[in-house]
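[1] sequence and predicted structure, then a few things I'm wondering about:
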Amino acid sequence: MDYKKSGVDIEKGDQFVDWIRATQPRNAPHADKIISGVGGFAGVFRAAFEHMQDPCLVASTDGIGTKLLLGVEYNRIRDLGQDLVAMCVNDLICCGADPLFFLDYYACGKLDLGQAQEFVAGVREACLKSGLFLLGGETAEMPGLYEGRHFDSAGFAVGVVDRSQILGPERVKAGDVVVAIESSGFHSNGYSLLRKVFEKDMEDWVDQLLKPTHLYPALAEQFKRNDLHVHGIANITGGGMSNIPRCLGDSLKVELTPWILPEIVAEVQKRTGMKDEDLYLTLNCGVGLAVILPDSEADTLIQIARKEGFSSWRMGRVLEKDSPTDKDWYFV
């Protein structure tokens, strides 16, 4: 008996690391700041932010959830890599941060090199699109914990923002407008429900269900380049519209105007009989980001988003609460 016979193949793990190192793209973001990356005990990134007066590091972590089960079943592994990056980096930009680097954790029962390479290829492509350097990660074989081709993964993204430019409650004011940026689908939330809702006719819906999560950092960069005074950004993930009040001070609330739901969201409501409030608390309902900014700049932001290929519309406004017991968000 040895480690390999017990189910852990160290040599195959080393081959995977060698492949990641050998295929690192030369045009990777922030490559000039890398002291050491994949293959060491930890990645080393040179912190050089001369253009900032008070640089603050911003970190986020997330996973893909049970969307993984569908992705493995239908062999859409590369798209899952984008889901992982998007779920982390889309949180970074909510603080106004510029993405810097990314780490991933990949855990499986038995390492399938082809599947693992496909997944990391998706992670790396998404990092390139998001301005992230894939600095390192961890691969773990754990026989008995995962069966067959099933695996789990977690991502960790780090960015930087000048302290004076951090977005959030201190900036948002009554009278601001909330602008929606479309989602690509359900992103990576709600799949424990969705897999049950569509289990009898999954083949008819799987292409929509497995659309990879939109990456928004390039769009957020366009907002900065056009000198928009964005006050807050909410990534609409688990909890649906309840994510928007996370951008508000205690004295503010958001009044939302109903929009036409995507067909697949309307189908979920039809099949489950969920009330409107429960639906908007469970799913993103077609909204990927909610951007809060002055009314005078809302139309410009919508035009920029549409030029970048994203549907966008006014979805609400920020108001003062009449009393502390007012709801944080509601529909008119």
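    Looks like it arrived, so ask away. Residues are numbered from 1 along each chain as shown.

[2] hey, where'd the strands end up in the stretch 201-332 of the chain?
    232-235, 252-256, 287-293, 312-320, 329-331 (DSSP state E, counting those that start in this stretch).

[3] next one: the stretch 1-150 of the chain
    Secondary structure of the stretch 1-150 of the chain (DSSP E, counting those that start in this stretch): strands at 34-36, 44-45, 55-63, 98-108, 133-141.

[4] quick one: which of these is nearest S312?
    When the strands of the stretch 1-150 of the chain are compared by C-beta to C-beta, strand 98-108 sits nearest S312, at 21.5 Å. Every C-beta, even on glycine, is put in place using the N, C-alpha and C of the backbone.

[5] just the CA atoms of the closest one, as PDB, please.
    This file holds the C-alpha atoms of strand 98-108, laid out as PDB (Å, rounded to 0.1, in the frame of the first residue of the first chain):
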ATOM      1  CA  ASP A  98      -9.100  47.600  -9.900                       C
ATOM      2  CA  PRO A  99      -8.500  43.800 -10.200                       C
ATOM      3  CA  LEU A 100      -5.000  42.600  -9.500                       C
ATOM      4  CA  PHE A 101      -4.700  38.800  -9.100                       C
ATOM      5  CA  PHE A 102      -6.600  35.600  -8.600                       C
ATOM      6  CA  LEU A 103      -6.100  32.200  -6.800                       C
ATOM      7  CA  ASP A 104      -8.200  29.100  -7.200                       C
ATOM      8  CA  TYR A 105      -8.800  26.000  -5.200                       C
ATOM      9  CA  TYR A 106      -9.700  22.800  -7.100                       C
ATOM     10  CA  ALA A 107     -10.800  19.700  -5.100                       C
ATOM     11  CA  CYS A 108     -11.700  16.300  -6.500                       C
END
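
[6] any idea how far the nearest residue to R149 once chain neighbours are set aside is from D112?
    Closest residue to R149 apart from its sequence neighbours, by C-beta to C-beta, 6 or more residues apart in numbering: V72 at 5.4 Å. To D112, V72 is 10 Å away according to C-beta to C-beta, to the nearest Å.

[7] overlap in contacts of these two?
    Common contact partners of V72 and D112 (C-beta atoms under 8 Å, 6 or more residues apart in numbering): R149.

[8] next, count neighbours for the residue found closest to P258 once you drop the neighbours it is linked to in the chain.
    Nearest residue to P258, sequence neighbours excluded (C-beta to C-beta, 6+ apart): F331, at 5.7 Å. F331 has 13 neighbours, counted by other C-beta atoms under 10 Å.
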